[in-house]
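Asks: Okay, predicted coordinates and the sequence, questions at the end:
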Amino acid sequence: MQPLTRVQALDLLTAAPVAHIGVISNGEPYVTPISFVVTGNLIALRTVPGRRLEAIRENPRVCIEASEFDPTSGEWASAIVWGSAHEIGDTPLRTGVVSMMLEKYRDAIGSPFSRGEIQPFSDQTVVVGVDIEEVTGMSSGAEFGPRTRPGRL
């Protein structure tokens, strides 16, 4: 395996369509997929009230992971970010984040998998920002082989 630079890890994260956020909920790890954008030193996501948001409010320390995998070659890369989450109130930043998300996911909006039109500022929507404090990343590297495949398959 080979480490990614900070820039490579952030590039991977920025390009990923989906990431996973790890929070502590009721004293246990809880991981869910997220749609998100990266802007400056911030990862932003939209959410609604539920277990994830309750966990963020109780303990703002989070971890976000995104990865990519090439099924043809078996090569992979993964980026992990640690940071502190906070709600973004009704500010220009919130408006900008929602606009960025609508742009990033515009091809998915209206797809058979969507639940209808996105309501950027519905009564339930909460925009959360995660301040990027630490970033790491790894890739399968140049010496990729059957023993370095994900899960050592």
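Replies: Now that the structure is in, tell me what you want to look at. The structure displayed is predicted, hence computed values, not measured ones.
Asks: so where do the strands sit in this structure?
Replies: Secondary structure of the chain (DSSP state E): strands at 2-3, 19-25, 28-34, 36-39, 42-47, 61-69, 76-88, 126-139.
Asks: and of those strands, who's closest to residue 11?
Replies: strand 76-88 (8.5 Å; Cβ to Cβ). Any C-beta I mention is one placed from the backbone N, CA and C, and that applies to glycine too.
Asks: Paired strands for the closest one, with orientation please.
Replies: Here strand 76-88 has these sheet partners by DSSP bridges: strand 61-69 (antiparallel), strand 126-139 (antiparallel).
Asks: now the angle from the shortest one to strand 19-25?
Replies: For the pair strand 61-69 and strand 19-25, the angle between their directions (axes from the mean of the first three to the mean of the last three Cα atoms, to 10 degrees) equals 150 degrees.
Asks: and strand 61-69, C-alpha only, in PDB?
Replies: Extracted in PDB, the C-alpha atoms of strand 61-69 (Å, rounded to 0.1, in the frame of the first residue of the first chain):
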ATOM      1  CA  ARG A  61     -16.400  14.400  16.600                       C
ATOM      2  CA  VAL A  62     -16.800  12.500  13.400                       C
ATOM      3  CA  CYS A  63     -14.900  10.600  10.800                       C
ATOM      4  CA  ILE A  64     -15.700  10.600   7.000                       C
ATOM      5  CA  GLU A  65     -14.400   8.000   4.600                       C
ATOM      6  CA  ALA A  66     -14.600   7.800   0.800                       C
ATOM      7  CA  SER A  67     -13.100   5.300  -1.500                       C
ATOM      8  CA  GLU A  68     -12.800   4.200  -5.100                       C
ATOM      9  CA  PHE A  69     -12.300   0.800  -6.600                       C
END
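Asks: now the angle between strand 28-34 and it, please.
Replies: Angle between the axes of strand 61-69 and strand 28-34 is 50 degrees (criterion: the same axes, to 10 degrees).
Asks: Buried residues, strand 61-69. List them.
Replies: Neighbour-count burial for strand 61-69, counted by 16 or more other Cβ atoms under 10 Å, picks out 62, 63, 64, 65, 66, 67.
Asks: Serialize those to JSON lines and add fields for distance to residue 140 and pLDDT.
Replies: Formatted as JSON lines, the buried residues of strand 61-69 follow (distance: Cβ to Cβ, whole Å; pLDDT from 0 to 100):
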{"residue": "62", "distance to residue 140": "26", "pLDDT": "98"}
{"residue": "63", "distance to residue 140": "21", "pLDDT": "98"}
{"residue": "64", "distance to residue 140": "21", "pLDDT": "98"}
{"residue": "65", "distance to residue 140": "16", "pLDDT": "98"}
{"residue": "66", "distance to residue 140": "15", "pLDDT": "98"}
{"residue": "67", "distance to residue 140": "11", "pLDDT": "97"}
